[in-house]
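[1] Return a 3D structure for these sequence lines:
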Amino acid sequence: MTTITGAERSTDGTPMPGLDAMQRRGLIVGVLALVLALLGGLLNRGAFFQAYLLGYLFWTGIGVGCLGLLMLHHLVGGRWGFAIQRLLEAGVRTLPLMALLFLPILFGLQDLYVWARPEVMAADALLQFKQRYLNGPAFFGRAAFYFLIWIGSGMILTMLSARQDQGIDTGRLTRRLQVWSGPGLVLYGFAVTFAAVDWVMSLEPHWYSTIYGVVFLVGQILLALAFVTRVAICLANRPPLQNVLGAGQLHDLGNLLLAFVMLWAYVAFSQYLIIWSGNLPEENHWYISRLAGGWGVLAAILIVFHFVVPFLLLLSRITKRRAKILGGVAAGILVVRFVDLFWLIAPALHSEGFRAHWLDLILPIGLGGLWLAVFLASLKRRPLLAQRDPRFAGLADAAHGAQG
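    Residues are numbered from 1 along each chain as shown. Sure thing, here's the model as predicted:
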C-alpha cells in the first residue's frame, strides 16, 4: 500500500484521506476479478471452490481477527489500541458481508469435503461414525451460530463506541465495553476454534489435532494486526492520526506483531512436536503430505518468512519506530499468512503433489475487492479517533513526547 492522499472529510469534519477513490477502485477490481473467476469456474469447478475457500478464509480472518483485537483493546485499554480502534471496528463491520459470502460454499460442499460425498461416506466406517457432526445441515447451522456470535459481539462493541462518541456518560460506557469484552473473548475463542475444525480441519476428516484451533486463532489475530498496522501507517501522515500515531505507538504495534509472530511459531511447532513424538500413522500423514511432492518448499518458506525474518526484524528498535520499515514488515506478514492458508488447504485436495491454479490468486483478489470496499465505506462513517473515550486523554501529547 502507498500513502493515500485526498481531501474527503469524516462525519465529524476531520480531514480524511482519499478513501472514496480507493473504495471505487477496490470495488471495480473486485467485480472484474470475480467475473473472470466465474468464467474460470465453468472450466474447472474444483479449482474454483478451492480458491474460493482460500480467499474467503483470508478475508474473513481479518474481520474476525479485528474483533478479537478490539475486545483485547477494550479489556486492557493499552495506548496502542486507540490509533487502530476505528480500523478494527471497520474490519468487524465487514462480517455481515462475509456471512453472506459463506453461502456459495453450499454449492461446492462436495467439491471440498469428502464427508459430503454420499459414496465416500457409505464406504467409510469412520466417516459414518462422525456423520452426526459432519453433515451439511449441521455444518451450515454451526456456521450461522459462529457468525451470530461474531456479528452480535461486533454490534454491541461498535454501538457502545458510537454512543461514547456523543460524549454522554463516557465512563459508564467504557466500563460496559470492558465488561462485555471479557466473556466476549471467551465466546470468540470457542467460535474460532470450532470454525477452524469445520472449515479447514474437516477437509481431511480422518485427521485431528487438539491444538489446531489455537494455531488458527493466533494466525487470524496476527493477520488482522498486520493489516490494521499497515493501513494505520498509510494514514499516519494525515490528521488526525498524525497527532496520535507517534514512534511510541508504532513501537507498541511492532511489539505486538513480534509477540504474535512468536506465539504463532510456538503453537505451530508445538503441534508438529506432539505429532512427531507420537509417530502415529493416523496423525503424521498430515505433515507427510505437506512436506512431500513440492509442498515442502512452501513449508520452508513459512519457516523462514513467517517466523525467522519477521522475528529478527521486529527485534530491532529501529524497525518498530520507523513507519516505512514497520509497514513493510506488516505487508510481508500479510503475504505469508496467505501462503500459510494455501499450505493448509491445497495439500488436502491435491495429495498427489504441489498444484497451484491461477484462480488461487484471482478469486482472493475478487473477494478482497468487495471486502475492502465495505471496509472503507465503514471507516468513513465514523471519526478516525475515539476522542471521547476518557482513556484517550493525553494520548496525543504522549505520542509527540515519544517521537522526541
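[2] tell me which element the closest residue to L222 other than its chain neighbours is part of?
    On the basis of Cβ to Cβ, 6 or more residues apart in numbering, the spatially nearest residue to L222 that is not a chain neighbour turns out to be F260, at 4.2 Å. All C-beta atoms are positioned from the backbone trio N, CA, C, and that covers glycine. Following DSSP states H and E, one finds F260 within helix 247-278.
[3] Give me the residues contacting the following helix or strand past that helix.
    Tracing the chain past helix 247-278, the next element assigned as helix or strand by DSSP H and E is helix 281-291. Counting by Cβ atoms under 8 Å, 6 or more residues apart in numbering, the neighbours of helix 281-291 from elsewhere in the structure are 204, 206-209, 272, 275-276, 278, 295-296, 298-299, 343, 347-348, 351.
[4] Check those for burial and list the buried ones.
    Among the contacts of helix 281-291, those classed as buried by neighbour count (16 or more other Cβ atoms under 10 Å) are E204, W207, S209, Y272, I275, W295, L298, A299, W343, P347, A348.
[5] those helices in the stretch 301-404 of the chain, which residues are they?
    If DSSP state H, counting those that start in this stretch is used as the criterion, the helices of the stretch 301-404 of the chain fall at 309-314, 317-321, 323-349, 359-380, 395-403.
[6] What is the host helix or strand of L127 packed up against?
    Applying DSSP H and E as the criterion places L127 in helix 125-129. Of the remaining helices and strands, those touching helix 125-129 by 3 or more Cβ pairs under 8 Å, 6 or more residues apart in numbering; DSSP states H and E are helix 118-122.
[7] Can I get the helix it packs on in CSV, CA atoms only?
    Output of helix 118-122 as CSV, limited to C-alpha atoms (Å, rounded to 0.1, in the frame of the first residue of the first chain):
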residue,chain,number,x,y,z
PRO,A,118,-22.5,-40.0,-0.2
GLU,A,119,-20.5,-42.6,-2.0
VAL,A,120,-17.4,-41.9,0.2
MET,A,121,-19.5,-41.8,3.4
ALA,A,122,-21.1,-45.2,2.6
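[8] mind checking which of the helices of the stretch 301-404 of the chain is nearest V76?
    Judged by Cβ to Cβ, the one of those that comes nearest to V76 is helix 395-403, at 14.9 Å.
[9] For that closest one, what does the pLDDT average out to?
    Averaged across helix 395-403, the pLDDT comes to 49.
[10] Please, where are all the helices along the stretch 51-200 of the chain?
    85-92, 95-101, 109-112, 118-122, 125-129, 136-165, 170-199.
[11] Please tabulate those helices in TSV, including the columns mean pLDDT.
    Putting the helices of the stretch 51-200 of the chain into TSV (pLDDT from 0 to 100) gives the following:
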stretch	mean pLDDT
helix 85-92	96
helix 95-101	98
helix 109-112	96
helix 118-122	93
helix 125-129	93
helix 136-165	95
helix 170-199	93
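[12] Could you work out which of the ones you listed reaches nearest to G41?
    Nearest of these to G41, taken as Cβ to Cβ: helix 109-112 at 10.2 Å.
[13] Which positions in the helix holding L127 come out as buried?
    L127.
[14] What values do phi and psi take at S316?
    phi -80, psi 130 (degrees, to the nearest 10).
[15] what residues are up against the nearest residue to V197 once chain neighbours are set aside?
    For V197, ignoring the flanking residues on the chain, the nearest one in space by Cβ to Cβ, 6+ apart is G213 at 6.2 Å. For G213, the contacting residues are V192, T193, F194, A196, V197, by Cβ under 8 Å, 6+ apart.
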